[in-house]
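Student: Here is my input, please return the structure:
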Amino acid sequence: MPDPFLASAKKQFEYYKLLGDRTFIQLTDEQLFWKFNAESNSIAMIVKHLWGNMMSRWTDFMHTDGEKEWRNRDAEFMDDITDRADLIAKWDAGWACLLEAINSLSSTDLDKEIFIRNQGHSITEAINRQLAHYPYHVGQIVFIGKILLDDRWTSLSIPKGNSADYNAEKFAKEKQTQHFTDEYLGKPK
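Tutor: Coordinates of the predicted model:
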């Protein structure tokens, strides 16, 4: 039986990846590279940063520091992703690295100490750190998508003005034991 914390963390990570995926689908190639101003990041830059972080943090994470010598964080904020295919490849590679790492863990690993920038973290702490970091950036991606699409945006949650109907539908049913992410991820009970 999988560890409940690891199973929950994995579902959360998959949910936030899905929010990014569903944002990318709505945007044109040009919109993926749009920046509000010189100091802001495009969606492509945010993806590149997430990819760099995920690859660094989760590659050989049990034996090497999460800030790898080969990582160049500053380069993650340069506009050099060339197209949608490159963006999606980095996005998918980063998440695959993370999820492979999570899948490799068991309950007995959660208290083990690993290091990020030479600071000790239990594996639980390292996962929680990234559960705060990655959704922060996915939220930026979604927000940029909403700005660019305005009234053409397809909501990824409860559309504005539909809360009462949504709640009425949910409360009209028996209590559900299904985790909320399972509904979004299309997983059976």
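Student: Next, the buried residues of stretch 114-122.
Tutor: 114, 116, 121 (16 or more other CB atoms under 10 Å). Any C-beta I mention is one placed from the backbone N, CA and C, and that applies to glycine too.
Student: Can you list the low-confidence ranges for the protein?
Tutor: Along the chain, segments meeting pLDDT under 70 span 1, 179, 184, 188-189.
Student: Let me see the ranges of the strands in it.
Tutor: 113-116, 119-122 (DSSP state E).
Student: Tabulate those strands in TSV, adding columns for distance to residue 90.
Tutor: Output for those, formatted as TSV (distance: least, CB to CB, whole Å):
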stretch	distance to residue 90
strand 113-116	21
strand 119-122	25
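Student: Pipe the buried residues of stretch 114-122 into TSV and attach distance to residue 166 per row.
Tutor: Formatted as TSV, those follow (distance: CB to CB, whole Å):
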residue	distance to residue 166
114	40
116	39
121	38
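Student: Closest one to residue 73 out of those residues, please.
Tutor: Of all these, residue 116 has the smallest distance to residue 73: 12.5 Å, by CB to CB.
Student: Now that the closest one has come up, it's in contact with residue 71, right?
Tutor: No. Residue 116 lies out of contact with residue 71 (CB atoms under 8 Å); the separation is 11.3 Å.
Student: Now find how far off-centre the longest helix along the chain is within its chain.
Tutor: Using DSSP state H, we find that the single longest helix of the chain is helix 123-149. The chain centre lies 6 Å from the centre of helix 123-149; the measure is CA atoms, centre = their mean, to the nearest Å.
Student: same check, this time on stretch 148-155
Tutor: Chain-centre distance of stretch 148-155: 21 Å, with CA atoms, centre = their mean.
Student: Enumerate the positions of that stretch that are buried.
Tutor: Across stretch 148-155, burial judged by 16+ other CB under 10 Å covers 148, 153.
Student: and residue 31, how far is that from residue 147?
Tutor: Going from residue 31 to residue 147 by CB to CB, to the nearest Å gives 10 Å.
Student: Looking at these two, which one has more neighbours?
Tutor: residue 31 (18 against 12; other CB atoms under 10 Å).
Student: so who does that one touch?
Tutor: 43, 145, 148, 149 (CB atoms under 8 Å, 6 or more residues apart in numbering).
Student: Which stretches in the chain count as helices?
Tutor: Under DSSP H, the chain gives helices at 4-26, 43-58, 84-103, 123-149, 163-171, 180-185.
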